[in-house]
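> Here is my input, please return the structure:
(6 chains)
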Number of protein chains: 6
Amino acid sequence: MYSVTVRDHLMIAHSFKGDVFGPAQRLHGATYVIDVEFKRTALGENDIVVDIGRESDVLREILAELNYRNLDEVPEFASRNTTTEFLARVVFDRMAARIAAGALGPSARAMHSLRVTLHESHIAWAAFEATLVGAEGETVPAAVRRDA
Amino acid sequence: MYSVTVRDHLMIAHSFKGDVFGPAQRLHGATYVIDVEFKRTALGENDIVVDIGRESDVLREILAELNYRNLDEVPEFASRNTTTEFLARVVFDRMAARIAAGALGPSARAMHSLRVTLHESHIAWAAFEATLVGAEGETVPAAVRRDA
Amino acid sequence: MYSVTVRDHLMIAHSFKGDVFGPAQRLHGATYVIDVEFKRTALGENDIVVDIGRESDVLREILAELNYRNLDEVPEFASRNTTTEFLARVVFDRMAARIAAGALGPSARAMHSLRVTLHESHIAWAAFEATLVGAEGETVPAAVRRDA
Amino acid sequence: MYSVTVRDHLMIAHSFKGDVFGPAQRLHGATYVIDVEFKRTALGENDIVVDIGRESDVLREILAELNYRNLDEVPEFASRNTTTEFLARVVFDRMAARIAAGALGPSARAMHSLRVTLHESHIAWAAFEATLVGAEGETVPAAVRRDA
Amino acid sequence: MYSVTVRDHLMIAHSFKGDVFGPAQRLHGATYVIDVEFKRTALGENDIVVDIGRESDVLREILAELNYRNLDEVPEFASRNTTTEFLARVVFDRMAARIAAGALGPSARAMHSLRVTLHESHIAWAAFEATLVGAEGETVPAAVRRDA
Amino acid sequence: MYSVTVRDHLMIAHSFKGDVFGPAQRLHGATYVIDVEFKRTALGENDIVVDIGRESDVLREILAELNYRNLDEVPEFASRNTTTEFLARVVFDRMAARIAAGALGPSARAMHSLRVTLHESHIAWAAFEATLVGAEGETVPAAVRRDA
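As a prediction, this is how the structure comes out:
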């Protein structure tokens, strides 16, 4: 299995609901250093897994939707805690949808799986990884992919 | 698959038995920077994989049993070489046993697997990873889990 | 010159005032990974620059005053932008005051200078460093120290 | 599953063929910081996965074949783009062949799989990972191993 | 003293002249991960050392002049070895000239000094640091600044 | 000022004397990741600060004297605590003596200063830095250099 990973980052405010979070129930924030790993069983044209420039641009677009925001005010997240692991899934879902829509080019639809890691500090990080349904040739909406 | 990882560290003395170890047969020591990754197929209550505060506390307790010690004097390790890979398994076993005993809360018993990585320097590290038997719902002693 | 550095972190929300900040004028947040470096011309008793345990505890106390907060609501920062460089100075001032007050022990008053670095992401960080007035033997309030 | 990883590095020149590479079609170069992870289901003799000294020496030999070279002039790579992911496979193949040939000792033939990661910068890296055919006991040429 | 640092990177090919360089006399290449630290004795308007967005853009422009090139073919470097320390000075000179020309805004002319660090691998890096002549208020060409 | 830094590491056992050390009074150990920074006001012959290969070799020799040892048994350290800051000075002294003796070549005697940093974990490190007496042209024994 081949993989290519790119790194970017995101700075947001949010608060958590639930006693388990202690002082993090207050409005605070985080820098997430984000790694997106694209996995594929064979190299595509040009001896690459994916066009790394396009990959970085698409990741930047996804992060721009969230960057410099108070996530408590994003309607989509209203009933949820935007924990590091939850946000890893959000970035995963948005990247998977873009791949299915062809934003990384037709050959990227042959991607086997994605792994999204969010580093919240030097001592804690979280990830979400899953196989893409219809991976390796078919084009299937990200919404129906199964967890690995 | 979701995962959450926490980092801590450990400072010990030890020596190795066997020609393969060269000068490391002498009494020396190491700092291990330790990452424990908890993996789970779905988010639990509160949109978390595990309570990261509790996770860090339990890891600290486990490391306190070994920290600032000469491992050559620990009866349990008497016939073994406490290599980095061996110690990764020791930390794994102790964390798995605590999860089975409920130290991370009842929902942590739904954990799918653990990965423990020990960094011994900037150029070498080792890990042990395994599925927890009875993962995802059942409560089974760590001692009977199978290697992945 | 000897130095000892300890690392910890801080998670806050804030917003900036001024066109120069672009989207960072919105409420957002950051994780700051914080390094505090203590510098001294000679080793003190016990062959140490400073008691590293106490140093870490005092840093944690200072960070607890700011951690998991919206800095826009802290009266002391009302007319300021809590930029990374500004916050480096805040942590510096609070650490210098504690040293002057003896929180790190009497010998820590012989400290020559401090450097506080705040990493806001993997691609940006800021620092504040200054000599302590009355360094090396005298006890002078941090408030009158000069910038280096 | 146990694993042991060692890190080394490589400095090469090359150019890429294909519009997708933009300015990287010009002759340029890279430092690759390289991690080779050896995976095994059980510890071998001496409580190790592999002799880490030998492992490092063999990796250094492999890298010496490529180090300080213009890869555009290596006949073996003539029709290919020596992308990061392609080179991860090259290092993988050469290490797998050496394991099969006994360079890491007879017990290393019981290795389950390898993962080779090449970091090309602080924001991008690529990897190749595969199970070794005949892993865990048999000695099979690397050339026939299947991708995982 | 306050400082703000930004990180970017550069990928080039080159060769060295002189027996001291051994195999690095052959055409090879490097990724340089580059940190530029801006130092100033007081915060400027908006509580910042420098506009970090502009700083990053100017650094990117400077690196674009060198990026994806064979430095052996750059006339300006014809009689020199483009070692890591030499290139740190090149980036320093170009940044100092841009500051003097106002590219970072008028207040950036009050910058005290710059430090440019180029990481060539995980085990080696080089830097060039100097005070800017006419620092703190005057506008003097970078060419006449003195080394610190 | 130019600088070049190389990184290596060291694994030792030791114990500390004094209540301030708490559990570290027991025999334990550490990995020190060691950075040695060579500073010089001008580039030497070949556009380098120092021959980086020789620099790395000499550092390795110095570390070999200490590596895989119990420092409690080294007569030279008998009355001292081999803290991280103390060991930074030991490595500094040995490197300075070798420079004075010509081990890095005659031009290395023009070195301005050295900085030795020992990382004991991901959250703590210590350093010793000093100007070399007779720096920049003269050859003076390291033993008489002054602290900066």
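
> buried residues in the biggest helix by length in chain A?
Taking DSSP state H as the criterion, chain A has its longest helix at helix A:84-100. Going by neighbour count (16 or more other C-beta atoms under 10 Å in any protein chain shown), the buried part of helix A:84-100 is A:84-96, A:98-100. Quick note: C-beta positions are derived from backbone N, CA and C, even for glycine.

> ok, and of those, which contact chain B?
Filtering these for proximity to chain B by C-beta under 8 Å from any C-beta of the partner chain leaves A:84-86, A:88-89.

> Output those in TSV, with pLDDT and distance to chain C appended to each entry.
Shown next, in TSV, are those (pLDDT from 0 to 100; distance: C-beta to the nearest C-beta, whole Å):
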residue	pLDDT	distance to chain C
A:84	98	10
A:85	98	16
A:86	98	16
A:88	98	15
A:89	98	20
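
> For the residue lying farthest from the centre of chain A, give me its contacts.
Of all residues in chain A, residue A:19 has its C-alpha farthest from the mean position, at 27.2 Å, by C-alpha atoms, centre = their mean. Listed by C-beta atoms under 8 Å, 6 or more residues apart in numbering or on different chains, the contact partners of residue A:19 are residue A:25.

> how far away is it from chain C?
Taking C-beta to the nearest C-beta, to the nearest Å as the measure, residue A:19 and chain C are separated by 14 Å.

> do you know how far that residue is from chain D?
37 Å.

> One more: residue A:129?
Distance from residue A:129 to chain D, by C-beta to the nearest C-beta: 14 Å.

> Then that residue would be within a strand, right?
Yes: counting by DSSP: H, G, I helix; E, B strand; the rest coil, residue A:129 is located in a strand.

> what are the bridge partners for it, then?
For residue A:129, the beta-bridge partners are residue A:115 (DSSP bridges).

> how far out from the middle of the chain is stretch A:29-41?
Distance, stretch centre to chain centre, for stretch A:29-41: 6 Å (C-alpha atoms, centre = their mean, to the nearest Å).

> Can you name the residues of chain A sitting close to chain C?
A:7, A:9, A:11-14, A:23-24, A:26-33, A:67-70, A:120-123.

> Weed out the non-buried ones from those residues.
The neighbour-count criterion (16+ other C-beta under 10 Å) marks A:7, A:9, A:11-14, A:24, A:26-33, A:67-70, A:120-123 among the residues of chain A next to chain C as buried.

> Tell me which entries of the residues of chain A next to chain C lie within helices.
Per DSSP H, the residues of chain A next to chain C never map to helices.

> Quick check on the residue farthest from the centre of chain A: phi, psi?
The phi and psi torsions at residue A:19 (degrees, to the nearest 10) take the values phi -60, psi -30.

> any chance you could map the strands in chain A?
Counting by DSSP state E, chain A has strands at residues A:2-14, A:28-40, A:113-121, A:124-131.

> which one of the ones you listed lies closest to residue E:61?
Between residue E:61 and the strands of chain A, the tightest spacing by C-beta to C-beta is seen for strand A:2-14, at 20.4 Å.

> elements contacting the closest one?
Applying 3 or more C-beta pairs under 8 Å, 6 or more residues apart in numbering or on different chains; DSSP states H and E, one finds that strand A:2-14 makes contact with strand A:28-40, helix A:52-64, strand C:2-14, strand C:28-40, strand C:113-121, helix D:84-100, strand D:124-131.

> Run the contact check for the longest helix of chain A versus chain D.
No: Helix A:84-100 does not reach chain D (C-beta under 8 Å from any C-beta); its nearest approach is 15.8 Å.

> Then stretch A:39-49?
Yes: against chain D, stretch A:39-49 shows contacts by C-beta under 8 Å from any C-beta at A:41-43, A:45-49.

> separation between residue A:96 and residue D:129?
Residue A:96 is 21 Å from residue D:129, where distance means C-beta to C-beta, to the nearest Å.

> Repeat that for residue A:62.
Taking C-beta to C-beta, one finds residue A:62 at 26 Å from residue D:129.

> Looking at these two, which one has more neighbours?
Taking residue A:62 and residue D:129 together and counting by other C-beta atoms under 10 Å in any protein chain shown, residue A:62 has the greater number of neighbours (24 against 20).

> ok, residue A:92 - contacts?
Residues near residue A:92 by C-beta under 8 Å, 6+ apart: A:114, A:116, A:128-130.

> And for the residue lying closest to residue A:124 once chain neighbours are set aside, the neighbour number?
Using C-beta to C-beta, 6 or more residues apart in numbering or on different chains and skipping the chain neighbours, the partner closest in space to residue A:124 is residue B:6 (5.4 Å). If you count neighbours by other C-beta under 10 Å, residue B:6 ends up with 23.

> got it, and residue A:103?
16.

> Tell me, what's the model's pLDDT at residue A:108?
As predicted, residue A:108 sits at a pLDDT of 86.

> how near is it to residue E:118?
Plainly put, residue A:108 is 33 Å away from residue E:118 if you go by C-beta to C-beta.
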